[in-house]
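Asks: Next comes the sequence, and after it the predicted model I'd like to discuss.
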Amino acid sequence: MTARRRAVALRSLLLIGLVALLAACGGTDIEERPLDALSPDGPIARAQDDLWRLVFPIAVVVFILVQGLIIFAVIRFRDRGTGEMPKQIEGNTRLEILWTVIPALILAVIAVPTVTTIFELDGEPPVDERLDVTVVGKQYWWQFEYPDEGFFTANEITVPVDTPVHLHLDGTPEYEMPDGSVQPDPEQDQLVLHSFWVPRLAGKKQYMPGSDRFLTIQADEPGRYLGNCAEFCGLSHANMRIRVNAVEPDEYEQWVAEQSQEAESFEGEDSAAARGEELFGVNCVSCHNIDGHPDNQGIRIGPDLTHFNSRPEYGGAIFDVEDDEQLADWIRNSPAEKPGSQMQPFPDLTDDEIDDLISYLRTLD
Ligand code: CUA
């Protein structure tokens, strides 16, 4: 290596180190760093973060020690061209006991809080103190069911603060149909792996088709907590976001009351919304549920749209719900807007028909 090259290499190393150091700076503000796993905003995430805060410094000390010794040995005992072998030390009982006992002690120190935390987090919050939400990972959006309240949302859940939210990641989803019968999810055979991750509220939990998994999340303060699918699940894995809206208990009660209402029907009227409602009955009810729609079939292949307009985003929470133009493009050809979207294109709908459909969707608050 020439002196010039060495200087360049050294400078690059320093630069990388500096960037890494600066990346660790900045506030812990939720607006600034919404996906920061090291800024817990609830007791579950905090228990996991506490563990990390214990293990990480130990790991850093061990890393520096081991790497330092390696660098020392490489330099100190390098081949100086004399052909001499350095002193061999195999069979040194004292050394061997030492480097077995020290790591064992370190691991024991780490194991106690780790195992305790695992058991703590594995426990289920008491039924009368928690909110139950059933989660199904679809391609590529999240379905949330409030089984006790009796409604569904997509991509976004609203929860009360300071309340454990017990998520059931349901790998064998089934639904109650309008006639009272229970049917398996029509897409059950096509479910794939996902991972539910809202970094400020808890660690990841894998969604597994065919099995039941559970995760508790809890938020200290009101706020909108962001998350993302964290397991590669196909073309739009990156377009499968999660929003957790934590609100004060009275606001939550009000939200539940609103979400429990059926959609308004415009049957028989002569308006854009009425025409949209009719078009919805022809084109959309075979995949989307809207409680209160006259032709509703109770099918939830796509997201439940009963309160579509109350959610700020749609399509895996990547599109702004208020953008009419984007919504028109989405209805016309959703796979062109989001790779791998399972919603079929509707090339035969005219611009007027799409406007009518949007007018109807706007009533779904
Ligand atoms: Cu769902 Cu990645």
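Replies: All right, it came through fine.

Asks: Please parse this structure into its domains.
Replies: As given by automatic domain parsing, the domain ranges for the chain are 127-259, 272-361.

Asks: The residue lying closest to Ala47 once chain neighbours are set aside - how many residues pack around it?
Replies: Leaving out its chain neighbours, the residue that sits closest to Ala47 by Cβ to Cβ, 6 or more residues apart in numbering is Thr117, at 5.4 Å. All C-beta spots, glycine's among them, are computed from the backbone N, C-alpha and C. Per other Cβ atoms under 10 Å, the neighbour tally for Thr117 reads 15.

Asks: tell me the contacts of Thr117?
Replies: Contact criterion Cβ atoms under 8 Å, 6 or more residues apart in numbering gives Ala47, Gln48, Asp50, Leu51 as the residues in contact with Thr117.

Asks: distance of it from Leu51?
Replies: Thr117 sits 5 Å away from Leu51, going by Cβ to Cβ, to the nearest Å.

Asks: between the domains of the chain, which gets nearest to the ligand?
Replies: domain 127-259 (3.2 Å; Cβ to the nearest ligand atom).

Asks: Is that closest one in proximity to the ligand?
Replies: Yes. When contact is scored as Cβ under 6 Å from any ligand atom, part of domain 127-259 falls within range of the ligand: Gly137, Tyr140, His194, Cys229, Glu231, Phe232, Cys233, His237, Met240.

Asks: Beta-bridge partners for the fourth one, please?
Replies: It stands for Cys229. Beta-bridge partners of Cys229, counted by DSSP bridges, are Phe196.

Asks: Only whichever of the contacts of Thr117 are buried, select them in PyMOL.
Replies: Here is the PyMOL command that picks out the buried ones among the contacts of Thr117, judged by 16 or more other Cβ atoms under 10 Å:
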select buried, resi 47+48+51
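
Asks: what residues are up against Leu327?
Replies: Leu327 makes contact with Tyr314, Phe319, Val321, Ile358, Leu361, according to Cβ under 8 Å, 6+ apart.

Asks: Not counting sequence-adjacent ones, nearest residue to the first one?
Replies: When the adjacent residues along the chain are set aside, Tyr314 lies closest to Val321, with 5.5 Å between them (Cβ to Cβ, 6+ apart).

Asks: and the one you found, how many residues sit next to it?
Replies: Applying other Cβ under 10 Å, I find that Val321 has 18 neighbouring residues.

Asks: In the stretch 201-350 of the chain, what residue spans correspond to strands?
Replies: Along the stretch 201-350 of the chain, the stretches classed as strands by DSSP state E, counting those that start in this stretch are 205-207, 212-217, 223-229, 241-247, 313-314, 319-320.

Asks: And the contacts of Leu327, which is closest to Glu32?
Replies: Compare each of the contacts of Leu327 with Glu32 using Cβ to Cβ and the shortest gap goes to Phe319, at 23.6 Å.

Asks: got a list of what the residue lying closest to the closest one once chain neighbours are set aside touches?
Replies: Using Cβ to Cβ, 6+ apart and skipping the chain neighbours, the partner closest in space to Phe319 is Gln326 (5.4 Å). In this structure, Gln326 makes contact with Phe319, Asp320, Glu337, judged by Cβ under 8 Å, 6+ apart.

Asks: What is the burial count for the nearest residue to Asp329 once chain neighbours are set aside?
Replies: Take Asp329 and drop its neighbours on the chain: the residue closest to it by Cβ to Cβ, 6+ apart is Glu337, 5.6 Å away. Residue crowding around Glu337 was assessed by other Cβ under 10 Å; the count is 18.

Asks: Do you know the pLDDT at the closest residue to Tyr252 other than its chain neighbours?
Replies: Nearest residue to Tyr252 in three dimensions, chain neighbours excluded: Pro160, at 4.1 Å (Cβ to Cβ, 6+ apart). The predicted local confidence for Pro160 comes out at a pLDDT of 98.

Asks: Could you do Asp250 as well?
Replies: At Asp250, the predicted lDDT confidence score is 97.

Asks: and what of Gln344?
Replies: pLDDT, Gln344: 94.

Asks: Look up the closest residue to it, ignoring the ones flanking it.
Replies: Residue nearest to Gln344 in three dimensions, not counting chain neighbours: Ser334, with 7.9 Å by Cβ to Cβ, 6+ apart.

Asks: which of the residues in the lengthiest helix in the chain are buried?
Replies: As far as residue count goes, and with DSSP state H defining each element, the longest helix of the chain is helix 43-76. Within helix 43-76, the residues that qualify as buried are Pro43, Ile44, Ala45, Arg46, Ala47, Gln48, Asp49, Leu51, counting by 16+ other Cβ under 10 Å.
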